[in-house]
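In: The following comprises the amino acid sequence and a computationally predicted model.
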Amino acid sequence: MRVLLQRVSQASVEVDGRVVGEIGSGVLLLVGVREGDTAEEAEFLARKVANLRIFEDEQRKMNVSLLEREQPAALVVSQFTLYGDARKGRRPSFIQAAAPALARRLIDDLAGRLRELGVHTEAGEFGAHMMVSLVNDGPVTIWLDSSELAR
């Protein structure tokens, strides 16, 4: 699984002109699932996201995790294009991306795990054409790939 995490002061996602998910300060997670990914990877990434120290303390150092904030919030948006392979040709290949059933299940699992950890979690609409709006705070953007992370 891949997560592109962005620390935000606000973020929202719309489908057909209606807001389906919205947060204030927190993290926007663009999530891609690859064939072969598992629920264990979703759980691992949820814990990693919740505990990453990416928010500033009183000395303006990134020492505070999402879970240490007063109102932790996340907006989870599915994005199969994170597995786009553009190494050759002019059109990316998405053959590494998981089938929709697996991707939906693991993205829902990631969001559910964040909720279990105490993070207010909203989500986009799987498979829909979504309009994502955000104000990146910092900017802080972190790339997480479950296959590259030490456990």
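Out: Structure received.

In: drop to CA atoms for contacts and neighbour counts, all remaining ones
Out: Will do.

In: Centre-most residue in this protein?
Out: Most central in the chain under C-alpha atoms, centre = their mean is Leu29, positioned 1.9 Å from the mean C-alpha point.

In: On the three-state scheme, it is what?
Out: strand (DSSP: H, G, I helix; E, B strand; the rest coil).

In: same check, this time on Leu75
Out: Classified using three-state DSSP, Leu75 is strand.

In: Quickly list what it is bridged to.
Out: Leu28, Glu122 (DSSP bridges).

In: show me the contacts for Leu28.
Out: Residues near Leu28 by C-alpha atoms under 8 Å, 6 or more residues apart in numbering: Leu5, Gln6, Arg7, Val8, Ala11, Ala74, Leu75, Val76, Val77, Leu134.

In: ok, back up a step: and the residue nearest to the centre of the chain, what is it in contact with?
Out: Val3, Leu4, Leu5, Gln6, Ala74, Leu75, Val76, Val77.

In: Now the first one: phi and psi?
Out: When quoted as degrees, to the nearest 10, the phi and psi of Val3 stand at phi -130, psi 130.

In: mind checking how far it is from Gly89?
Out: 25 Å (C-alpha to C-alpha, to the nearest Å).

In: And for Ile54, nearest residue in space, chain neighbours not counted?
Out: Met62 (5.0 Å; C-alpha to C-alpha, 6 or more residues apart in numbering).

In: Count the neighbours of the one you found for me.
Out: By the criterion of other C-alpha atoms under 10 Å, Met62 has 13 neighbours.

In: Over to Val64?
Out: 17.

In: That one belongs to a strand, doesn't it?
Out: Yes - counting by three-state DSSP, Val64 is part of a strand.

In: what comes up buried for stretch 53-62?
Out: Across stretch 53-62, burial judged by 16 or more other C-alpha atoms under 10 Å covers Arg53, Ile54, Phe55.

In: and the residues you listed as TSV, adding distance to Leu106?
Out: As requested, the buried residues of stretch 53-62 are exported to TSV (distance: C-alpha to C-alpha, whole Å):
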residue	distance to Leu106
Arg53	24
Ile54	24
Phe55	26
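
In: Just the buried positions in stretch 27-42, please.
Out: Buried residues in stretch 27-42, defined by neighbour count with 16+ other C-alpha under 10 Å: Val27, Leu28, Leu29, Leu30, Val31, Gly32, Val33, Arg34, Asp37, Thr38, Glu41, Ala42.
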